[in-house]
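Engineer: Please find the sequence and the predicted model below.
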Amino acid sequence: MNTLECLKTLCQTGGPSGYEAPVADLAAQLLTPWMDEVWTDRLGNVIGLRRCGKPNTKKLLLDAHLDQIGLMVTGAEDGYLRFASIGGVDPRMLPDREVTILTQPPRLGVIACLPPHVLSAEDREKAPALGEYYVDTGLSQETVEREIPVGTPMVFRESFLELAGGKICSGALDDRACFAALLRTVELLSQEQLDVDLYIMGSTREETGGTGAMVGTCTIDPDFCVAVDVTHGKTPDGPADKTFDLGGGPAIGVGPNMTRWMTERMIAKAREHSIPYQLEIMSGHTGTNGWEMQISREGVATAVLSLPLKYMHSPIEVLSLTDLEHTAALLAAFVLVLGGAWLLYQNLAGIA
């Protein structure tokens, strides 16, 4: 698998929360060669299953969400589109952005803003509220009303840049990069004998509440799950205790909402295979699908693994390809002999 090309294709396919069908179709195509079975459930989650071929085995679910933040058309004035956000869109980064309007065929637009020459001194010092922006499509009001109905989703225009030092800049790396890491994981495991049934899920609607992961996890009913998502990469102006080095390896979540033996196994496997890693303290809500997955049905043993990413929820997210590869390597090491590790843990803990 060419990880770079796979990542580029995923990131350049528009699919905001609730409108993931195009990227879900692509994800299913990319996943199919590595799995025994791939399907899409009622909420649009893409789920792949690789059976280990042994009776009464445990089930492991690895999840990365497919959706991205976006915008939704709420109306038009003189041909200019008004819009609301889909997910956590920061109004400060909207001026002058190019957008792709997900009509058929897609159209382009720009988020308009007044030049500083005509702003008051007070207005130059503050960002407009999201509802004060509009999108210029170049179309007339009549054409907009006919061809871009209310409810049409939009995403930031696709870009994909290779930066120095093995870094990649693109929109939608949150969380398409982690789904690419899952694809690389199953490729690494393709010649290995497993002792658990392995499920891979590209989930929907994470940016608007995690409902895709809730439904998918309930359907699969796994014994263990790992939420694979992004975390904040270190920048000069970022808080040192809440950001992580690009190139420093994936961040293993540590906290009360992660199952301790799974966290310890993740750390042990990183050390055993000399995979660089970082520890992310998560004292409360993890901000990932792991929050919802752990309470599915009677509860699921859960771990969280995160890929450091700079400029999250922007069109210029940046990550390290080395970190992506290390994330896949750590997940592959974690999966191998997981069933046997669980039996050992049961015996040590005296669990019936």
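Structural biologist: Received, thanks. Residues are numbered from 1 along each chain as shown.

Engineer: from here on, contacts and neighbour counts on C-alpha atoms
Structural biologist: Will do.

Engineer: wait, L324 sits on A181?
Structural biologist: Yes - between L324 and A181 a contact is recorded at 5.8 Å, counting by Cα atoms under 8 Å.

Engineer: same question for stretch 205-213, mean pLDDT?
Structural biologist: For stretch 205-213, the mean per-residue pLDDT is 95.

Engineer: Which residues does that stretch contact?
Structural biologist: 17-18, 43-45, 63, 65, 67-69, 86-88, 203-204, 288-289, 292-293 (Cα atoms under 8 Å, 6 or more residues apart in numbering).

Engineer: List only buried entries from those.
Structural biologist: 17-18, 43-45, 63, 65, 67-69, 86-87, 203-204, 288-289, 292-293 (16 or more other Cα atoms under 10 Å).

Engineer: which residues are common contacts for L324 and A181?
Structural biologist: Common neighbours of L324 and A181, using Cα under 8 Å, 6+ apart, do not exist here.

Engineer: Inside strands: which ones of the buried ones among the contacts of stretch 205-213?
Structural biologist: Secondary structure defined by DSSP state E assigns D63, H65, I86, S203 of the buried ones among the contacts of stretch 205-213 to strands.

Engineer: which two in those residues are spaced the farthest apart?
Structural biologist: For these, the farthest-apart pair by Cα to Cα is D63 and I86; their separation is 21.0 Å.

Engineer: ok, A301 to K126 distance?
Structural biologist: 45 Å (Cα to Cα, to the nearest Å).

Engineer: Tell me which of those two has more neighbours.
Structural biologist: Of the pair A301 and K126, A301 is the one with more neighbours under other Cα atoms under 10 Å, namely 20 against 9.

Engineer: wouldn't that one be in contact with P256 here?
Structural biologist: No - checked against Cα under 8 Å, the pair A301 and P256 is beyond contact range at 11.7 Å.

Engineer: C225: neighbour count?
Structural biologist: The burial count for C225: 26, using other Cα under 10 Å.

Engineer: so how far is T57 from V150?
Structural biologist: Distance, V150 to T57, by Cα to Cα: 48 Å.

Engineer: what about the helices in the stretch 151-300 of the chain?
Structural biologist: Counting by DSSP state H, counting those that start in this stretch, the stretch 151-300 of the chain has helices at residues 173-188, 211-220, 260-272, 290-293.

Engineer: buried residues in the third one?
Structural biologist: Read that as helix 260-272. By neighbour count on 16+ other Cα under 10 Å, the buried set for helix 260-272 is M262, T263, R265, M266, I267, K269, A270.

Engineer: Which helix or strand contains A341?
Structural biologist: Assessed by DSSP states H and E, A341 sits inside helix 338-349.

Engineer: contact partners of the helix or strand bottoming out on mean pLDDT in the chain?
Structural biologist: For the chain, scoring each helix and strand by mean pLDDT, DSSP states H and E identifies helix 338-349 as the least confident one, at a mean of 76. Helix 338-349 is contacted from outside by T57, K58, D195, V196, W261, A352, using Cα under 8 Å, 6+ apart.
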